[in-house]
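Student: When you get a sec, could you give me coordinates for this:
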Amino acid sequence: TDNRLRMNCELLATCSALGYLEGDTYHKESDCLESVKDLIRYLRHEDDTRDVRQQLGAGQIVQNDLLPIITQHRQDKALFDACIRLMVNLTQPAMLCFGKVPDDPVFRFHFLQVTSHLQAYKEAFASECVFGILSETLYDLLQLDWEQRQEEDNLLIERILLLVRNVLHIPANPNEEKKVDDDASVHDRVLWALHMSGFDDLVKFLASAQSEQQWSMHVLEIISLMFRDQTPEALVSAGHARSAEEKQRDCQELESLRQKEHAEKRSRTLQRGTRHSRFGGSYVIQGLKAIGDKDVIYHRNLQNFKNYTHDMGKAVRRVPKRNRKAQECKDKRRSALNVRLFLREFCVDFLDNCYNRLMYLVKENLIREQSQQHDETYYLWALSFFMAFNRGNGFRADLVSETMSIRAFHFIERNITNYYEMLLTDRKEATSWSRRMHLALKAYQELLLTVNEMDRSPDETIRQSSSVIKSNVFYLMEYRDIFLTLLRKYDETRQPHSYLKDLVESTHLFLRMLERFCKGRKNLMVQRKNVKRKKSRGKKQQSFERLDLPAINNHLSLFCLQLSESLTESIVPFDATSETPLEEQRTEAMVRVQDALLARLGPEALGLLRAARSVWPEGDVFGSADVEPEEELELLKQILHANLPRSSPPETGVEEDEDGAELEEEELESVQISETEFNFLDFIKRFANPSIVRPYLLLLKSYSKNTPHTNHCIARMLHRLAVDLKMDALLFQLSVFHLFNKILNDPAAAAYKELVSFAKYVLNRFFSLTAQNNKAYVELLFWKNVGAVREMTEGYSKDGCVLSFGKKPTWTEEEEEELRKLYEEHRDSEVPDIVETLLPLLSNSNRNRRQVVTQLVHMGLVENAKELKKPKKGTRIVLWTEEQEEELQMLFEEYRDSDGNHKLTAKRSRARVVDKLLSMGLVSERRELYKKRSRSAQGKNSGKGMTEEEFLAELTQGFPDDSVERDDEDESEDESEDSEEEEEDEEQERERSQNGGRRSQSMNSPLERRADVGMSGPLLWLQNCLNRTASDREDDGLSQPVPLVPVTEASEDAMENKSFLRLLRKLGMRAPADEQESFWRIPAKISASQLRSAAAALSPREDEPSEERNGSMSPAREPQQEEDEEDSTEQRAQALRALLLARTRKRHTSEDTGMCGTLCQMAPFNYSFLTELSIKLRGAHKTCLFYSLLWLSNSQECASRR
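Tutor: Next up is the predicted model:
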C-alpha cells in the first residue's frame, strides 16, 4: 500500500509538472520534457496489472495534456517527439499489454479498465486538429530526401504511423455508442478527421512511392483497420441508386416475410375455437405412454397440443464449454454516407495506383520472413477485400494482376493447411487460428470468383489467361481436394457458422467451374498422387521389413558358405577382459547376430554364429557342431525374429544420423506422382460420405436465416449426390427427415421451392424403398456409407452369402453346430493341422482358414488362435541316424554305375544329400555331383553306367531342392521389373528343370548358350574382368566384391541386353542389391579358380573334341589337364587384350593422354581400387582408366615373366 501511495504521489507530481490547460490554451512548465520522459520510464517498470497505465488513463493525461501539447507546441521538436513516443506506448492494444484475454477475474477487470481508457483516447483523437498536426509533420518528413533524412526522422515517421494504427485498432464500445446504420460512430468520426486532414493521401503516397517501400507493412495495417467495419458490396453501392437486381432481391425477401406472417396468422385462426372456454380440461392421449404403462394425461388447451413434448417442464441441460458452438464475429455495420463515399474513392485510387505494388512488397516480406508473426492475415484480407471491390466496381483484370496467379493459390493453400494444423495443436488459441483460417478461405474464394469473372470478359487475352489458371488449378491434386478436406474436417465447436457458409459457397463455385471446364474437353489429364503406406508392426517388425531377405539368402546359400579366413579370424564373440559373465555375453552375442542381420551383413552374421557355436557348444544354443547349411539359415531366421533382451536400441547400420525417424517415416509412406484421366462424376463420388454430408445438413438447419444463394448451394450439392449419383439412400436418416418435415410444414414454404421439391423427392424414394426392404425404417437411425447404401438398396444377401462391404461374414446356428461336431470328432486325432482337415468337411465351401479359426475362438472351442497356427514346413532340424548313413553309403556304392530309380526311405533334399556325401568322404568335391547333359539324345550315356549326378537325381527324386528353390525365388525377385518375355523364358526353364532337365550351375562346365551375334566385345571385356579379379585374389589373398563397370558403349548396351544379363546370372554374378548400387558385381564368395573357369567358358571352343561338346566327358579331370587348359586360356586372353589395346591406341585422342599418364603411375594399387575409382568417373576419363588398367596388366605380366 505504501508503494502504491508513493507511486500515486510521484505520478501526480509528474503529471502536474507537465503544465495546465486554461480555456483552449495550454501552458507548459519549464521541466515539461523531463516529466514526459519520467512517465515513459514509469511505464517501462509497471507491474502485471498495468497500474501506471490505468492511473494515467484515469487522469486523462492524453486528453488534457499530451494532445494539447502536440497541437500548440509543435515547434518544440524534442517535446513533440517525446509526446508522440509516450502516446504510442499508452495507445498500444490491451491484448499486447496482457498477452491474451485473462481468465482470472482480477486480471480480467484490469484488462477491461485498460480497454475503457483506450476507448476514451480514441474519442479524443476524433479531431481534425490532431490529425492535421500529424499529417503536416509526416508531410514535412517525407519531403526530405534520403541524404537529408536523419535516423530521428525515420523513427518519428514510424511512430506517427504506429500511433495512427493503434488509434484505429481500438475496439468500439457498442453499449456506450448504441449507433444504428448510417449513423456516425466514433470510428467513423476518426476516419472523417483522417480524411479531412489529408492523411489518407499520405497513406496512398507511402503505398506507391518507390523510396518508401520500408513502410509497406505499416501502410497495409492502417488500410485494413480503416475498412474494418466495411464490406466491398456496401462501398460499391455507396452513392448509387439501387440496381434492378437489388430491388428484385429485396422484394423477394419482403414477400417471403409477408407470406410467413399471413401463414402464422391463418394457423392461429384455425387453432382458436369457435366457443371460448374458461376451463382447459384434462385429456388422455391414447397411444402416447407416460413414465408408467398408462397413457399421458394432458392438462392444457387443445390449441397447444401440437407443441407437446416430454421435455416440457424439464431443466435445460447445460452444454459443456468444449461442446459449445463457436461464436460468430461481430456483424458488419453500415457507416455514414459521407464516410462510405470517401472510402469508396480511396478504394478506386488505391486499386489504380497502389494495389499491385504494395501487394508485391508485402508478399516479398512474407516470403523472406522479414515481417512480424501473423502479418500474412493483413495480406489475405487485402486480397479478398480489394478483389471483391474490383469485381463489383466494373471489373478490370489489370488492376489486380499481382494477386491473380497460380502463386497466389499456392500461398493461400499453404496457409490454410498451416492454420488447420495449428488449430488442432494449439487448443488454447483455437479461436484465433479459426479466424485466420476463415480469412484464408475467403481469399481463396475471391480468387475463384475473380477467375470466374475473367471467363466473362470480352477480351480474348483475359479469357485465355483465365483458362491457363484454371488448367493449373484443376491439374494439381492439392487444389482439387482442398474443399473435400475442409468439409471433412469441419468442427462446429471451433469454426463458426459463417465459415461453413463460405465453405459451402466456395465448394459450389469450384464444382461449377470444374464441371464447365470438363464439358469443353474430351480428355482432361490431372495429377494424381499415390501414397503407399506400409503397416507399422512395432520396432522389431519395421526392422524386419527393412531387411532384404533375398539378399541374406543369397549370402547364406550353399554357394557362399565358405567365409574368408580373415573375416572368420577377426570375429570374437566374447570379451575375455570384461567383467560381464559369459552367460550374459552369450545373450549379447545373440543380439550381435541379430544386429548384423538387420544391417544386411549376412556373412558377418554367419561368421559370428559359427564363432559363438565354438565358444558355447553346450545346449546347442547356436546350433549343433554338425549342423547343416540349411539349418544354419533357418537358425539365423529364428534369431532375426526373436525378441531378445537389449540394454540399448539396436544399431541398424554402420552409421545412423539424427534423421533416422524421418527416414523410417519415408519408408513407411512413399508418394508416387502420376497422371490420370479426370472424370467429373468420379470426383463427385468422393463427396458421397457422411462426414461431408453432415456439414451441409448442419447449414441447412438455418435455412430460414440463410440467403437464397446459400440454400441453392446446399440443394445443388444434395441433388448431385441423390440424383446424379443415385445415392439418395445416403440421406435416409432420421434427423434429415425431421429437417425435411420442418421445411414442408413451414408457413413460408413457398419461398423455398427448391428445398421443398427436393425434400419431396427424397421422401418418395424412401417410401418406395420400404415396399422392397422392410428394414429401411431401422436404417433411418444410422448414418450410412457407400457400402451400407448399396446393401440397403440392392439387398443384404446374395446366394446365401452375406455381402462383404467391410463387414465380417456371419455364421448361422446350423453352421456353428456343424463346426462344433466336426471339431469334437477330430480334436483327438493326431492330424498335423486340424483346420485343414475341417475345411473340406464343411458344407459351406466358401469358408477360408481365417474364418474357421476366428469362429473356433469365438465359440470358445480353443483359447487362442496360436493353438491352430499352421505348422511350418522345412523348419525342423532333422539329424542323420546311423541306419540312414549306412543306407546312403550302400545305395551310393551299389548303384553309382547303374541306371535305375532309387530313393531314400527318409525324405531328404538334394542339398542335404550332397553335403552328407561330402562329409562321409564318398565324393571328394562337389563338382563330381554336378549334372552333365548331352546336347542330343544320341549323346546320352547309352551303354554306360549311372553317374554320381544321375544317382543323386534319382535318389532325391520327388523331394524339393531347397537351395535351387531359393535361388529361383531370388532370381524372380531380382527380375521382377523385366519384361514378360523374360519371365516366360524363366518359367520354361523352371519347367524343364522340374522334369529332370536342370542345367548345371557350375562354372567349370562350358556354357551351352552364349550371347547373340555382336557380343564379342562385351564377352572379351567380361572375360578380362574375371581373369583380372582372379589374379588379384591369388596375389592378395583377400576376396571382396568387385563391380563390373562398362567402359565402352558396346559394354553398356550389353548390360541392358536380357540374354547377357542371364549369362551373368549363370556365371554367378550378383545384380545390384538396392538403389544405392548401380553395377553388377563379382561376389567375394567365388574363388580364383572358379573365376578362371568361368572366363574359360566364355572363350570359343572351336578346338574342342566332339565328345566334350556333346557333354559326355567325365566330370573328373586330371590335374595336369586342368593346368594346361588354364595356361592356354590365360594365353588366349592375353592375346586378345593386346589386340584390343592396339586398336584403342589408334582411336585414342591426345586430350586423354594426360589422364592416362597420370593413371598409369598408379601401378602399385590393386585392380579393385581402380575399379572403384572408375565408378566416380564419367565419359572419356572412364575409358582412359580402362585403357590404363589394360596397360598396367600387361606391364605387370611382363615384369613378372622377367
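Student: what's the distance between Gln594 and Ala605?
Tutor: Noted for Gln594: a distance of 8 Å to Ala605, by CB to CB, to the nearest Å. From N, CA and C alone the C-beta is placed, and that goes for glycine too.
Student: which of the two has more neighbours?
Tutor: Each of Gln594 and Ala605 has its neighbours counted (other CB atoms under 10 Å); Ala605 has more, 25 against 22.
Student: give me every residue that touches the more buried one.
Tutor: Ile552, Val593, Ala596, Leu597, Leu636 (CB atoms under 8 Å, 6 or more residues apart in numbering).
Student: Quick check: the gap between it and Met590.
Tutor: For Ala605, the distance to Met590 (CB to CB) stands at 11 Å.
Student: same thing with Ala430?
Tutor: From Ala430 over to Met590 the distance is 51 Å, taken as CB to CB.
Student: next one: Gly1037
Tutor: 31 Å.
Student: More neighbours: these two, which one.
Tutor: Met590 (21 against 11).
Student: Doesn't that one belong to a helix?
Tutor: Yes. Looking at Met590 with DSSP: H, G, I helix; E, B strand; the rest coil, it is inside a helix.
Student: ok, residues contacting stretch 327-344?
Tutor: Contacts of stretch 327-344 (CB under 8 Å, 6+ apart): 179, 181-185, 187-188, 191-192, 195, 200, 226-227, 229-231, 234-236, 238-239, 431, 435, 496-498.
Student: meant to ask about stretch 191-207, not that
Tutor: 125-128, 130-132, 134-135, 138-139, 142, 164, 184, 212, 215-216, 218-220, 222-223, 226, 335-336, 338-339, 342-343, 346, 349-350, 353-354, 357-358.
Student: how does it look with 6 Å?
Tutor: 126-128, 131-132, 135, 138, 212, 215, 219, 222, 339, 342, 346, 354, 358 (CB atoms under 6 Å, 6 or more residues apart in numbering).
Student: What of stretch 409-425?
Tutor: Residues contacting stretch 409-425 (CB under 6 Å, 6+ apart): Ala430, Trp433, Arg436, Met437, Ala440, Ala443, Tyr444, Val473, Glu478, Ile482.
Student: and the second one, which of the three is it?
Tutor: Taken by three-state DSSP, the conformation at Trp433 corresponds to helix.
Student: and it, what is it in contact with?
Tutor: Counting by CB under 6 Å, 6+ apart, Trp433 touches Tyr419, Met422, Leu423.
Student: what about it, distance to Asn415?
Tutor: Shown here: Trp433 relative to Asn415, a distance of 11 Å by CB to CB.
Student: The last one too?
Tutor: Distance from Ile482 to Asn415, counting by CB to CB: 11 Å.
Student: what's next to stretch 354-363, contact-wise?
Tutor: By CB under 6 Å, 6+ apart, stretch 354-363 touches Lys204, Ala207, Ser208, Gln213, Ser216, Leu220, Tyr379, Phe386, Glu402, Thr403.
Student: cool, and stretch 154-165?
Tutor: Contacts for stretch 154-165 (CB under 6 Å, 6+ apart): Asp81, Ile84, Met87, Val88, Leu134, Leu138, Leu141, His218, Glu221, Ile222.
Student: If we use 8 Å, what do you get?
Tutor: 81, 84-85, 87-88, 91, 134, 137-138, 141-142, 194, 199, 215, 218-219, 221-222, 225.
Student: returning to that earlier point: just checking, which of the contacts of Trp433 belong to helices?
Tutor: Tyr419, Met422, Leu423 (DSSP state H).
Student: hmm, which of those are the buried ones?
Tutor: Tyr419, Met422, Leu423 (16 or more other CB atoms under 10 Å).
Student: per-residue pLDDT, Arg300?
Tutor: According to the prediction, Arg300 has pLDDT 73.
Student: before we move on, what about the one 4 residues further on?
Tutor: Per-residue pLDDT puts Asn304 at 68.
Student: Start at 723, not 1
Tutor: Understood, numbering begins at 723; the last thing we discussed is Asn1026.
Student: what helix or strand is Ile1483 on?
Tutor: Slight slip there: residue 1483 is Tyr, not Ile. Element membership for Tyr1483, per DSSP states H and E: helix 1475-1492.
Student: Report the backbone C-alpha coordinates of the helix or strand following that helix in PDB.
Tutor: Once the chain leaves helix 1475-1492, the next helix or strand it forms, by DSSP H and E, is helix 1498-1501. The C-alpha coordinates for helix 1498-1501 follow below in PDB (Å, rounded to 0.1, in the frame of the first residue of the first chain):
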ATOM      1  CA  ALA A1498     -35.400 -49.400 -44.100                       C
ATOM      2  CA  TYR A1499     -37.100 -47.900 -41.100                       C
ATOM      3  CA  VAL A1500     -34.400 -49.300 -38.800                       C
ATOM      4  CA  GLU A1501     -31.700 -47.900 -41.200                       C
END
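Student: Now do the buried residues in whatever helix or strand comes next after helix 1498-1501.
Tutor: Under the assignment DSSP H and E, the closest C-terminal helix or strand after helix 1498-1501 is helix 1508-1516. Neighbour-count burial for helix 1508-1516 flags Val1508, Ala1510, Val1511, Glu1513, Met1514, Thr1515 (criterion: 16+ other CB under 10 Å).
Student: ok, back up a step: of the contacts of stretch 1049-1066, grab the buried ones for PyMOL.
Tutor: Command for PyMOL, covering only those of these found buried under the criterion 16+ other CB under 10 Å:
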select buried, resi 901+906+907+909+910+913+914+917+922+948+949+951+952+956+957+958+960+1153+1157+1218+1219
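Student: After the one helix or strand Leu1330 maps to, which helix or strand is next? Please name it.
Tutor: Element membership of Leu1330 [criterion: DSSP H and E] is helix 1324-1337. Counting by DSSP H and E, the next helix or strand C-terminal to helix 1324-1337 is helix 1351-1363.
Student: ok, back up a step: so which of the contacts of stretch 876-887 belong to helices?
Tutor: Per DSSP H, helices hold the following members of the contacts of stretch 876-887: 803, 806-807, 809-810, 856, 859-860, 863-864, 916, 921, 940-941, 943-944, 947.
Student: Got the domain ranges for the protein?
Tutor: Structurally, the chain divides into domains by the TED database as follows: 723-847, 853-964+1062-1099, 1280-1363, 1531-1617, 1738-1819.
Student: could you dump these to CSV with mean pLDDT?
Tutor: Formatted as CSV, those follow (pLDDT from 0 to 100):
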stretch, mean pLDDT
domain 723-847, 88
domain 853-964+1062-1099, 89
domain 1280-1363, 69
domain 1531-1617, 79
domain 1738-1819, 82
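Student: Would you format those domains as JSON lines with distance to Val1038 included?
Tutor: Output for the domains of the chain, formatted as JSON lines (distance: least, CB to CB, whole Å):
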{"stretch": "domain 723-847", "distance to Val1038": "25"}
{"stretch": "domain 853-964+1062-1099", "distance to Val1038": "27"}
{"stretch": "domain 1280-1363", "distance to Val1038": "60"}
{"stretch": "domain 1531-1617", "distance to Val1038": "44"}
{"stretch": "domain 1738-1819", "distance to Val1038": "65"}
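Student: quick one, which of those domains is nearest to Phe1117?
Tutor: Minimum separation from Phe1117 across the domains of the chain (CB to CB) falls at domain 853-964+1062-1099, 11.1 Å.
Student: quick one: that closest one to chain centroid distance?
Tutor: Counting by CA atoms, centre = their mean, to the nearest Å, domain 853-964+1062-1099 is centred 41 Å from the centre of its parent chain.
Student: Looking at the contacts of stretch 1076-1085, state which has the most neighbours.
Tutor: Tyr1101 (26 neighbours).
Student: residue ranges for the helices of the stretch 1673-1822 of the chain, please.
Tutor: Per DSSP state H, counting those that start in this stretch, the stretch 1673-1822 of the chain carries helices over the ranges 1684-1696, 1702-1714, 1738-1758, 1771-1776, 1780-1788, 1810-1819.
Student: what residues are up against Glu1537?
Tutor: Here Glu1537 is in contact with Leu1564, Ser1565, Asn1566 (CB under 8 Å, 6+ apart).
Student: Sweet, I'm off.
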